[in-house]
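Participant: sequence first, predicted coordinates after that:
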Amino acid sequence: MSALVVASPAPAQLARQIIAQHSKSFALASKLLPPASRGDTVVLYAWCRHVDDIVDDGAGAVPAEISTAFEELKQRRRIPDVYPRELLAGMDMDARGTHYATLEDLFTYAYRVAGVVGLMMTHVLGLADDEALGPAAHLGIAMQLTNVCRDVAEDWERGRLYVPDELLGEARGLAGELGRPLPASASPALASAVRELLALADRYYRSADRGLRALPWRAALGVRSARDIYAAIGGRIARTGHDVHAGRAVVPRAAKLARVAAAALRIASGAPRRLFARQRYHIPARTLELADVARL
């Protein structure tokens, strides 16, 4: 008798399982997107998540169904090859244990692992104006800077430090201590650096807001909700005095829902302009590479 073969879940179903398991914030925001874009969004997230897990946990190859679904998505939505290639280059920076001396070094990393995700999303959602590509990259960068600030202690345990030397002052040699317990003596320098990085993230969030008007309204609602929920993580960190030893900052579900409601009001306020503008949405014709993204 032949061995029993259990069919794998359909790619979209498997992708939804992955996003629900790894990011409740993105899972919530993705439900607000237009139905036509929702499946593509979770496939994109699932592919990015698996690539990240391979670097972080040695999780093996991306599941074949997710890889196939992503390749199909890439072709159908005309996602430039440079975007997933840059994401892989960012993951390689993790694998190599890249040292971050300057903010420009961190910007490069943030563009590669998150800015290009924002750019790939513009192909999934469509834009009325390719000028919104810059804000899309800025949103990914802002979110990654927030990640860096939230995860200082967790990243340290993995042998990584993303906080650049130029923000650490007298503690700029801190990366040399990797592999040992995070020294309490570094807390003031790290708190100061986190404060500066969150202020920088806020500038990128504000720049990202300029691109919302170029999105279909349902897409704008989902993106604005994700943006506001993620920015709220920075507020939670600030409440601890930017203490990297205070534990992982989490936005409670009630606070997330309040952010979604506020995002809905903001998007609704722009409804008359959208109605009269009669915008047409298209897959971006431009490709935005690292050198093209404005530094703030």
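Facilitator: Yes, it's here.

Participant: ok, Arg218 - contacts?
Facilitator: For Arg218, the contact set (Cβ atoms under 8 Å, 6 or more residues apart in numbering) comprises 32-34. The way it works is simple: take the backbone N, C-alpha and C, and place the C-beta from them, glycine included.

Participant: output those in a markdown table; the columns should cover secondary structure, distance to Cys149 and pLDDT.
Facilitator: A markdown table is the format used below for the contacts of Arg218 (DSSP: H, G, I helix; E, B strand; the rest coil; distance: Cβ to Cβ, whole Å; pLDDT from 0 to 100):
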| residue | secondary structure | distance to Cys149 | pLDDT |
| --- | --- | --- | --- |
| Leu32 | coil | 25 | 83 |
| Leu33 | coil | 27 | 86 |
| Pro34 | coil | 31 | 84 |
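
Participant: out of the residues you listed, which are buried?
Facilitator: Buried subset of the contacts of Arg218 (neighbour count, 16 or more other Cβ atoms under 10 Å): 32-34.

Participant: list the buried residues in whichever helix or strand Arg218 is part of.
Facilitator: If you go by DSSP states H and E, Arg218 is part of helix 217-239. Buried residues in helix 217-239, counted by 16+ other Cβ under 10 Å: 217-234, 236-237.

Participant: off-centre distance for it?
Facilitator: What separates the centre of helix 217-239 from the centre of its chain is 11 Å, taken as Cα atoms, centre = their mean, to the nearest Å.

Participant: again with stretch 128-139
Facilitator: How far stretch 128-139 lies from its chain's middle: 15 Å, per Cα atoms, centre = their mean.

Participant: likewise for stretch 162-175?
Facilitator: Distance of stretch 162-175 from the chain centroid (Cα atoms, centre = their mean) equals 24 Å.

Participant: tell me which residues in it are buried?
Facilitator: Buried residues in stretch 162-175, counted by 16+ other Cβ under 10 Å: 162-168, 171-172, 174-175.
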